[in-house]
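Undergrad: Fold the following.
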Amino acid sequence: MPALIQTELSLPANSKMQRLAQDYARGLAQLAGLPEDQGESLALAFWEACRNAIEHAYEEEVGTLKLAGELTSAALTMSVRDQGLPFYQTRVLSAPSIGSPATVSRVSPAIRQCFDEVRWIYHGVEGNELRLTNHLGKVCPPANPRE
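TA: All right, here's what the predicted structure looks like:
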């Protein structure tokens with residue numbers, strides 16, 4: 001299905017970028033026509049994915065997060081890319097082949113509740129990608145900012 005909208009945003013991999021990352025996700029949710037409360041829940045879940053990349057991919061190193069969004073008539077897909085350590089080194093037993101998606105089994109309930117598909121893609125030297133898809137029409141539970 002052809003994309004109606006495709007966007008990208010590069011940010012320093014720093015927790016100070018929380019507001020920008022969440023505003024990016026909120027904007028995409030608004031363009032997708034999601035209600036404000038669902039957009040807020042989606043933004044919080046998306047920030048959690050960004051925060052995980054910052055904490056686990058770069059640890060103490062400086063890096064960049066590349067955020068991407070794609071909106072079709074059927075789905076909103078957002079992704080977080082980093083060039084830190086490969087996700088598989090700490091999360092699964094064997095390395096996937098480059099460019100092949102793998103289902104991520106250890107993600108937070110907030111991410112699982114807001115996204116229908118959660119895929120991790122290892123791009124070799126290009127880094128890691130966590131791809132999150134929300135099929136439009138799914139209701140994302142109200143946000144609980146204290147989680």
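
Undergrad: just checking, what packs against the lengthiest helix in the chain?
TA: Longest helix in the chain by number of residues (criterion: DSSP state H): helix 36-53. In terms of contacts (3 or more Cβ pairs under 8 Å, 6 or more residues apart in numbering; DSSP states H and E), helix 36-53 is packed against helix 18-31, strand 64-71, strand 75-82, helix 109-114, strand 128-135. C-beta: built from backbone N, CA, C; applies to glycine.

Undergrad: ok, residue 67 - how many residues close by?
TA: 23 (other Cβ atoms under 10 Å).

Undergrad: ranking the helices and strands packed on helix 36-53 by mean pLDDT, which is last?
TA: Lowest mean pLDDT within the helices and strands packed on helix 36-53: helix 109-114, a mean of 86.

Undergrad: Beyond that one, next helix or strand please.
TA: Later in the chain than helix 109-114, the nearest helix or strand by DSSP states H and E is strand 117-122.

Undergrad: That following strand: which residues count as buried?
TA: Under the neighbour-count criterion of 16 or more other Cβ atoms under 10 Å, strand 117-122 has 118-122 buried.

Undergrad: Also stretch 24-35?
TA: Residues 24-26, 28-29, 32, 34 are the ones in stretch 24-35 that count as buried (16+ other Cβ under 10 Å).

Undergrad: ok, now stretch 61-74?
TA: Going by neighbour count (16+ other Cβ under 10 Å), the buried part of stretch 61-74 is 63, 65-72.

Undergrad: where does the protein have its least confident helix or strand?
TA: helix 88-91 (a mean of 46; mean pLDDT, DSSP states H and E).

Undergrad: ok so, going back, tilt between the longest helix of the chain and strand 117-122?
TA: Put simply, helix 36-53 runs at 30 degrees to strand 117-122, going by axes from the mean of the first three to the mean of the last three Cα atoms, to 10 degrees.

Undergrad: picking that back up, would you point out the most distant pair within the buried residues of stretch 24-35?
TA: Pairwise distances across the buried residues of stretch 24-35 peak at 14.2 Å for 24 and 34 (criterion: Cβ to Cβ).

Undergrad: before we move on, the earlier item: now render the buried residues of stretch 61-74 as TSV, adding distance to residue 4.
TA: Formatted as TSV, the buried residues of stretch 61-74 follow (distance: Cβ to Cβ, whole Å):
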residue	distance to residue 4
63	30
65	24
66	21
67	18
68	14
69	11
70	9
71	5
72	6
